[in-house]
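Colleague: give me a 3D structure for the following:
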Amino acid sequence: MRNAVKANDSARGMDGQPPNSESIELQGHQLVQFHINDIYVPEPAQILAALHGQDLLRGRIVGLSDHGAQRNAFAVIQVDGFREQVVVPVAKLVRRAHE
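Modeller: Numbering: from 1, shown residues only. Just a heads-up that it's a prediction; the model follows:
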């Protein structure tokens, strides 16, 4: 098999150990799947921004926050399916059409 490598032989994690104990044969140009959190380079945040940075999220405003003398500059938003609240500049919010 040309360009075949064993994952255990060539791919090493940050600790120098193979990412898993199974030996799998890989070929160049082979389609594979992996989790975003498993990416070493670039940072997972870069991948998400490149792939989904322009996606519109939907959520409910749960609070407003000032920025120095500017009142209500930021909205605190609860996004469906995300545990943490997010903070977004009010000027960047898009009002839903049917509300």
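Colleague: tell me the domain ranges of the chain?
Modeller: 5-52, 59-92 (automatic domain parsing).
Colleague: any weak-confidence spans in this protein?
Modeller: For the chain, the stretches with pLDDT under 70 are 1-23, 98-99.
Colleague: okay, which residue is most central for it?
Modeller: Computing the C-alpha centroid of the chain and ranking residues by Cα atoms, centre = their mean puts Leu48 first, at 3.8 Å.
Colleague: Ile47 reaches Ile36, doesn't it?
Modeller: Yes: contact criterion Cβ atoms under 8 Å: Ile47 and Ile36 qualify, at 5.9 Å. For the C-beta atoms, the positions are set from N, CA and C on the backbone; glycine is no exception.
Colleague: contact partners of the longest helix seen in the chain?
Modeller: The longest helix of the chain (DSSP state H) is helix 44-52. When contacts are defined by Cβ atoms under 8 Å, 6 or more residues apart in numbering, helix 44-52 is touched by residues Ile36, Asn37, Ile39.
Colleague: for those residues, which one is nearest His29?
Modeller: Ile39 (19.2 Å; Cβ to Cβ).
Colleague: which stretches of the protein form strands?
Modeller: Using DSSP state E, the strands found in the chain span residues 5-6, 25-26, 59-67, 70-79, 86-89.
Colleague: coming back round to it: among the domains of the chain, which is the most enclosed?
Modeller: domain 59-92 (a mean of 12; mean count of other Cβ atoms under 10 Å).
Colleague: quote the end-to-end distance of stretch 24-33.
Modeller: Terminal residues of stretch 24-33 lie 13 Å apart, using Cα to Cα, to the nearest Å.
Colleague: Thr30 and Glu43, how far apart?
Modeller: To be clear, residue 30 is Gln; Thr isn't right here. 25 Å (Cβ to Cβ, to the nearest Å).
Colleague: before we move on, what about Pro89?
Modeller: For Pro89, the distance to Glu43 - Cβ to Cβ - is 23 Å.
Colleague: that older thread, any idea how far the longest helix of the chain is from the chain center?
Modeller: Its chain's average C-alpha position is 5 Å from that of helix 44-52, according to Cα atoms, centre = their mean, to the nearest Å.
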